[in-house]
Every structure is written in structure tokens, then in C-alpha cells.
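Chemist: sequence and predicted structure, then a few things I'm wondering about:
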Amino acid sequence: MVSRAHTTVWGSPGESFCYPISVLASRPEIKSQLKAAIAQALEALGLQEWPEIIVQETPPDKEGDYGTPVAMSLARTLRKAPPQIAADLLQNIQLPAWVRRPFVVGGYLNFELEPAFLVQAATLPIAPFPRAAGKVLLEHTSVNPNKELHVGHLRNICLGDSLARILRFVGRDVEVMNYIDDTGRQAAESLYALQYFGLTEAPAQTKYDHWVGEAYVRLHQAMEDPEQKARIEQGVQSTLHRLEAGELRDAVDKILRAQLQTMYRLGAEYNALVWESDIVREGLLGKAMKILEGSPYVARPTEGKYAGALVMDTSAFIPGLEDPYLVLIRSNGTSTYTAKDIALQFWKMGLLEGLRFVTYDTQPSGAPLYSTHPEGVPLPFGGASETINVVDARQSHALRVVQASLEVEGRPDLAEKCFHLAYETVLLEGRQMSGRKGIVVSVDEVMDEAVKRVRSVIAEKNPDHPSPEEAAEQIGVGAVRFAMLKTEAKKQIDFRYDQALSFEGDTGPYIQYAYARAGSILRKAEEQGVIQEAPDFTQATPYEVALAKSLLRFPEAVQDAARNKAPHIVAQYLLELAAAWSSFYNAKTPDGRPATPVLTAPPGLRGVRLELVKALRQTLKQGLGLLGIAAPEVM
RNA sequence: GCACCCGUAGCUCAGUGGAUAGAGCGUUCGCCUCCGGAGCGAAAGGUCACAGGUUCGAGUCCUGUCGGGUGCGCCA
């Protein structure tokens, strides 16, 4: 192509003036602009309507950069062969100047772009996403406050935390909530276990939640003896009552704070903790039941199986159930877990108010963590237009019932806005875990082990590392998070140490390594004083184009992840981007010499490569950030 | 019994109805006198569980079958 300065103008024919692309503040939306041009051509052909226009990257070994199969989808209605339609489109299409060559291949209409444009576009910052209306209330973690977190919880936290980050990135207002089931049987069992075994103080070196967890497991062992079981059962019941009365809040609090250390170390933070006991004490449960009692689907039978209980008939909303009746209030007057969940859901969606909050903690990022509390003040939490519950797939039915309660209440509009992010269980070396039996691997243990392994890798590969401890922490925890996030949520994961803590191949450290390595180039460029060299994009080669195309996919990948509420889409994208960069980095000419050196490239081209490396770093860092993974400068 | 999820290379997994189905691990062979080898290149490895159907076009949508997981309590 004819050589041009990097201030080359790329205007669209439809515009009254042209501007140098270097004054563009942010990335042009290539696919949208191509779609618009295609739509215009379809109109020019006299069409009134057409199926959705798809523009996609061409497969690696095909000609062109982008292409559309739109001609094929029109073949039937136009009663013409796709290549003919594509050719007609080609005749009528008005394309931006940055399309170097449009052409027909089979039934496809493909576009080859100016390499200089493509590469420069990739180096421009992403336009911020427009803010979307409405608040999303995302609940995740919600671990029973009775023992240490295990790898099953790990998946929940990673999914929830990443999804919150992704949604915020695309402009959503997200409130992250962690539900504290402080009046449940599990908490009662743990607290009673301490009493039963006469345990008062944890050894200094033992993390409190682990210590309590041990007592819990021990209690379940003791319960195998019928004699002890009766006595324990009585104790647990009285502990339950004390919990409900709020007498043991401090004891629960102590466990919760220990658990929070694990969540923080993973990088998860929350806006608010909502305690189950507060929902009851503030009267939300009562109000929710009162509301439901007004529904024709809720009744208090005087005879039969459910005599004396308050039950909800879900058959109109959940078809095919053998027994569609769900007990809300037992005949002994106590409420079920589901009833409390319904009250919480009503609060989340603004049907109920009345929770009061205090500042509970300052999180590692400096952000405050709020918590419901009897002595708190009203704060504008809840009242969301959409909710996301990150909960184990085994609870799908329970969540469906909560959703149905909104329909029972006559609010199908709200029911529609409840999303259950259901993830499959995590197996441990092929077996189901059991908290009660203590067949678990704790999150703390997994992170410790990961960091320990990274530490030895660093000692071996980079003994002069300036801050090995910090890096080991970032890489070890990053590996664990990535292992939890790279797979689709609805697939069962078998947690195996050797896979989860691998640092090679499709892993977090692979991506972090790509980032660190790119940073190393920039540091050297800085030393050599070439870091700000002006790029001459007309010198871009196919190597730069390939990397640029991968970079350009980032916003789309994040949008996809947000729309599908699927963090693994971001994880998979980052693997692809890191691979594209590694491939660029190692590219060789046919005679085996380095094809893409950055620092020793000719002036102008060096500037292009430096800009690409900067864009790559920025994108990797943002992308890792969406997964809650740090981007270490040196590994 | 009914309902939901899954089935893609030896293993672990990607794959908005669109072009010759892609990675990692493992196996085999190459690559540091270039900026980090936690890396790169290449080879081998596929009846996308099976059978029908819808469509110009199906790994992707629909129906059925088989296999695996899970759920259907006045438990939480």
C-alpha cells in the first residue's frame, strides 16, 4: 500500500468532513459500523426488513478480516443464489474509507480492512459503557457462619464476585449482598459444640472458623452414639432459641469475621451483610407472611396433612409437581427457611422495608462494609429492579419457589427479574464433599498450598525477584480463582490439586505471565528513552494485525459475559488474548530469526509495537480485574 | 415416577444457527548469540452419546432413546 503518515484520515463517505483518526478519543465500533453499512445497502436494494445482520471475524485462514453471512439468510425470500445477493450488496454498499477491499466469497460478503486502521483502533482506549438504569442486587457467598469455607464455597464466591465486577464494568449499578444465616441449625450446632466439649479459647495459631469447624465435625461424630445424640439434640434446640433471641450474636460474629478474612484474601468484597435474625426481628418475615396471606394461593388448612400450617400452593406457577404445597409457617408456629427467603426476596425487590444498618468493617480496598444491626439506621439498600442469586444448582427448586412467591403476590413482573445463577457442585478428587463428616478441603488450605507452590517456582525461576511474597500471593490466589472461573457454571468441577494449582497452559498464571513479560518490555523501552516514540501505523504487518484483532474483541467479550451472566466468557477471552500475545512475542521469520522484536524494530514500527504492548497490558489488567485476579508487574 | 443440568480428542474443557469443530494436559519432534522458556512452533489424536426432525445451513434449535449428575420434607 502507499505509504502514509500516521495522521492519515479515515472518514466515512457519508460524513461531511474527515478527521484524523489520531484525534479519536476512543475505539471506533468496527462491527456496528459495518452492520450499519450493510443495512443501508439492504435498503438500497429495496428491502423493507431483514433478519438480524451478523458480522463476524473471518476464520484465520480465510481472506478478509470481517464478513457477513446475511446473503445466505436472504436467499429464500429473495429467491436468488447467495453469491448473487452478496454481489448485489457489494454493488450498493457504501463503506467507510478504512475498508480496503470488500469482496464476495461463496455466499459471504467479506471485508478486508486497512491494516493501519485496524492496528491503530486496537491501541485506542475503549469508550466507557453507558450507565444502565435500575439496580441489580447480587447475592453471593451466604455461607453458614459455623465453620471454615471449603472449595464448594469457593466457586460461589468467585462466580458472584466476578459477575458483580463484570456487570459494573458494563455500566450496571450493582449492590452485593451476603446473607448471614445466623439462626440456622448449622450455626447452632457449632456454637453448642463449643459448649458441649468445654472449648473456650482457640489456640493462637488456629484460625477461629477452623477451630469452630473442628468442634462441629466432632459433634457430629458424637451424635453417632444414640445416648449422646439425645442430649446433644436438646442442647442444639436450646442454642437455636438463644440464637433467635439474639443472645449469641457476638459468638456468631466472631466466626463470621474469621470467614471474612478468607473472602477478603480471595479478593471478594460486599456492600452489605444481611442477617437472618434481623429480617425476623425487624418484622419483615411477619409482614411478608401477612402479604401472602391475602393471596388466593395461600391458605391455612384446618384438616389433612397440612392442618394448622400456613401453606402456599405453587401449582399454578410450577407445573408438574407431585405435591405443590409449600409450608411457610409450621403448625407449631415456627417459620420455614423458605419463608425467610421469601421475606428477603420481597425486601430485595422493594416490597418490604425496614432493615437498619451499621458500618461493620473496612474492607481491604478501603470500601466500607455495612451490616444489618438492631441499633443501625436505615440506609438505601434493597429495592432493586433485578436480583441475582448465586446458589448451588441443588437449590434450584427452592429458588423457583421463592420466585413463585412473587407471582403468588401478583407480581409476575418482579418474578421475571429474579435470576438464579446456578452452579454445579464441586467434587473433591472425584467424591462428593461433606461438611459434616469433614471431607472437605478448606479455601484457606488451598490458597496456602497454591502460594507455597508459587513461592518455590519463583525461587527457582526468578531468585532476584524484588517482592517474591507479594507476587506469590497474587499468583497463587489468581491460579485458584481462575481455575474456578474458566469453566461454565453449569458444569460439574472435580477439584484436583494438581489441576487447580497448575501454573502452565490454560491457567491464571499463564495470563499473568503474559502481562509481566509485556511490562518488562515497557520498562526497557523507558530506560532506552523510546517509550513515547510516535507510531507509524502504515508500517503494521500481519503480525500486528492478528494481535490487534484479538484486542478489539475485548468489549464484546465482556458484554457477552454480562448478558449471559457468565464470567467464564471473560476467562476464555483472556486465554485467547494472552495466547495471541505469546504467539506474537515468539514469532519467527521463515529463516528462524525473531519476526516481531519491539525494542529493536525500525523507528515508527517500534512505536506501533509499543502502543500495542501498552494496549495489551491495559486490556489484560482490566480483564484480570474482572475476574478478581491481580496483574503482577514481575513474576 | 416427575422435573432440571450435563454428554465435543486418551483426560480436563472452549465453541451468540454460518466458512475446513478449537485449546490445555498427556505423547512425539523442534525452538533461548530477540525484549522473561510459567513461553513458542509442529505432529498425532473427532461418527460433537445415539436416532429422527426443523433450516439454504445444526456441535448449537425441537422430539425421542441411552448414559452421568441433581432435585422433588411441617431439614436448613
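Modeler: Arrived safely, thanks for sending.

Chemist: for A:Leu95, see how far away the residue in the stretch 151-300 of chain A that RNA strand B sits nearest to is.
Modeler: At 2.8 Å from RNA strand B, A:Gly184 is the closest residue in the stretch 151-300 of chain A, using CB to the nearest atom of the strand. The C-beta positions use only the backbone N, C-alpha and C, and glycine is treated the same way. Applying CB to CB, to the nearest Å, the value for A:Gly184 to A:Leu95 is 62 Å.

Chemist: which of these two has more neighbours?
Modeler: Counted by other CB atoms under 10 Å, A:Gly184 and A:Leu95 do not tie: A:Leu95 has more neighbours, with 21 against 17.

Chemist: hmm, the more buried one is touching A:Leu109, no?
Modeler: No - A:Leu95 is beyond contact range of A:Leu109, at 10.6 Å (criterion: CB atoms under 8 Å).

Chemist: mutual contacts of these two, please.
Modeler: Residues touching both A:Leu95 and A:Leu109 by CB atoms under 8 Å, 6 or more residues apart in numbering: A:Pro102.

Chemist: what about A:Arg155, how many residues nearby?
Modeler: Neighbour count of A:Arg155, defined by other CB under 10 Å: 22.

Chemist: same question for A:Pro130.
Modeler: Residues near A:Pro130, counting by other CB under 10 Å, number 8.

Chemist: look up how far A:Ala116 lies from it.
Modeler: Counting by CB to CB, the gap from A:Pro130 to A:Ala116 is 29 Å.

Chemist: same question, A:Thr183
Modeler: For A:Thr183, the distance to A:Ala116 - CB to CB - is 65 Å.

Chemist: helix or strand for A:Ile279, which one?
Modeler: Applying DSSP states H and E as the criterion places A:Ile279 in helix A:276-281.

Chemist: next, A:Gly350: phi, psi?
Modeler: Note on A:Gly350: its backbone torsions stand at phi 80, psi 10 [degrees, to the nearest 10].

Chemist: distance from the host helix or strand of A:Lys614 to the middle of the chain?
Modeler: Assigned by DSSP H and E, A:Lys614 belongs to helix A:605-626. Helix A:605-626 sits 22 Å away from the centroid of its parent chain (CA atoms, centre = their mean, to the nearest Å).

Chemist: may I have it as CSV, with CA atoms only?
Modeler: Output of helix A:605-626 as CSV, limited to C-alpha atoms (Å, rounded to 0.1, in the frame of the first residue of the first chain):
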residue,chain,number,x,y,z
LEU,A,605,7.2,0.4,13.6
ARG,A,606,8.7,0.3,17.1
GLY,A,607,6.2,2.9,18.1
VAL,A,608,3.4,0.8,16.7
ARG,A,609,4.5,-2.2,18.7
LEU,A,610,5.0,-0.2,21.9
GLU,A,611,1.5,1.1,21.5
LEU,A,612,0.1,-2.4,21.0
VAL,A,613,2.0,-3.7,24.1
LYS,A,614,0.6,-0.8,26.1
ALA,A,615,-3.0,-1.7,24.9
LEU,A,616,-2.4,-5.3,25.6
ARG,A,617,-1.2,-4.6,29.2
GLN,A,618,-4.2,-2.4,29.8
THR,A,619,-6.6,-5.0,28.4
LEU,A,620,-5.1,-7.9,30.3
LYS,A,621,-5.1,-5.9,33.5
GLN,A,622,-8.7,-4.9,33.1
GLY,A,623,-9.8,-8.4,32.1
LEU,A,624,-8.0,-10.0,35.1
GLY,A,625,-9.6,-7.3,37.3
LEU,A,626,-13.0,-8.5,36.1
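
Chemist: from the contact counts, what lies against it?
Modeler: With contacts defined as 3 or more CB pairs under 8 Å, 6 or more residues apart in numbering; DSSP states H and E, the packing partners of helix A:605-626 are helix A:115-123, helix A:151-169, helix A:508-527, helix A:542-552, helix A:554-564, helix A:568-585.

Chemist: give the other helices and strands that the third one contacts.
Modeler: Translated: helix A:508-527. Using 3+ CB pairs under 8 Å, 6+ apart: helix A:508-527 touches helix A:468-485, helix A:568-585, helix A:605-626.

Chemist: find the closest residue to RNA strand B in chain A.
Modeler: Counting by CB to the nearest atom of the strand, chain A gets nearest RNA strand B through A:Gly505, at 2.1 Å.

Chemist: need the helices and strands packed on helix A:605-626 in TSV with distance to A:Lys290 and mean pLDDT, can you?
Modeler: Shown next, in TSV, are those (distance: least, CB to CB, whole Å; pLDDT from 0 to 100):
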stretch	distance to A:Lys290	mean pLDDT
helix A:115-123	58	95
helix A:151-169	31	97
helix A:508-527	49	97
helix A:542-552	55	96
helix A:554-564	37	96
helix A:568-585	42	97
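
Chemist: stretch A:86-97 and RNA strand B in contact?
Modeler: No - on the criterion CB under 7 Å from any atom of the strand, stretch A:86-97 is out of touch with RNA strand B, staying 10.1 Å away.

Chemist: quick check: mean pLDDT across that stretch?
Modeler: Throughout stretch A:86-97, pLDDT has a mean value of 95.

Chemist: one more: stretch A:456-464?
Modeler: Average pLDDT, stretch A:456-464: 94.

Chemist: repeat that for stretch A:437-445.
Modeler: Regarding stretch A:437-445, the rounded mean pLDDT is 87.

Chemist: and it, how far out from the chain's middle?
Modeler: 24 Å.

Chemist: gap between the two ends of that stretch?
Modeler: End-to-end span of stretch A:437-445 (CA to CA, to the nearest Å): 17 Å.

Chemist: tell me the domain boundaries of chain A?
Modeler: The record's domain parsing of chain A by automatic domain parsing lists A:21-113, A:135-279+A:341-428, A:443-626.

Chemist: of those, which approaches A:Leu328 most closely?
Modeler: Each of the domains of chain A has some distance to A:Leu328 by CB to CB; the shortest is domain A:135-279+A:341-428, at 7.4 Å.

Chemist: end-to-end on the closest one?
Modeler: Terminal residues of domain A:135-279+A:341-428 are spaced 36 Å apart (CA to CA).

Chemist: show me the contacts for A:Leu406.
Modeler: By CB under 8 Å, 6+ apart, the contact list for A:Leu406 reads A:345-346, A:349, A:412, A:414-415, A:418.

Chemist: now those as CSV including neighbour count and pLDDT?
Modeler: Shown next, in CSV, are those (neighbours: other CB atoms under 10 Å; pLDDT from 0 to 100):
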residue, neighbour count, pLDDT
A:Gln345, 25, 97
A:Phe346, 26, 97
A:Met349, 23, 97
A:Pro412, 13, 93
A:Leu414, 23, 95
A:Ala415, 19, 95
A:Cys418, 20, 95
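
Chemist: looking at the domains of chain A, which is closest to A:Thr334?
Modeler: domain A:135-279+A:341-428 (9.1 Å).

Chemist: low-confidence stretches in chain A?
Modeler: Chain A contains residues with pLDDT under 70 at A:1-23.

Chemist: spell out which residues of the stretch 201-350 of chain A are next to RNA strand B.
Modeler: A:305-309, A:320-323, A:327, A:330-332, A:334, A:336-338.

Chemist: so of those, which ones are in strands?
Modeler: Secondary structure from DSSP state E places A:Val327 of those in strands.

Chemist: RNA strand B contacts on the stretch 401-550 of chain A?
Modeler: Contacts of the stretch 401-550 of chain A with RNA strand B, taken as CB under 7 Å from any atom of the strand, map to A:424-425, A:432, A:454, A:457-458, A:461-462, A:471, A:475, A:486-488, A:490-494, A:499, A:502-506, A:509-510, A:513, A:516-517, A:520-521, A:524.

Chemist: need the buried ones from these selected in ChimeraX.
Modeler: In ChimeraX, a selection of the buried entries from these looks like this (16 or more other CB atoms under 10 Å):
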select /A:424,454,458,471,475,486,487,493,502,503,509,510,513,516,517,521
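
Chemist: and the next element down the chain from the helix holding A:Ile279?
Modeler: For helix A:276-281, the succeeding helix or strand toward the C-terminus, using DSSP H and E, is helix A:284-293.

Chemist: all strands for the stretch 101-250 of chain A, in order.
Modeler: Along the stretch 101-250 of chain A, counting by DSSP state E, counting those that start in this stretch, strands occupy A:108-113, A:135-139, A:173-180.
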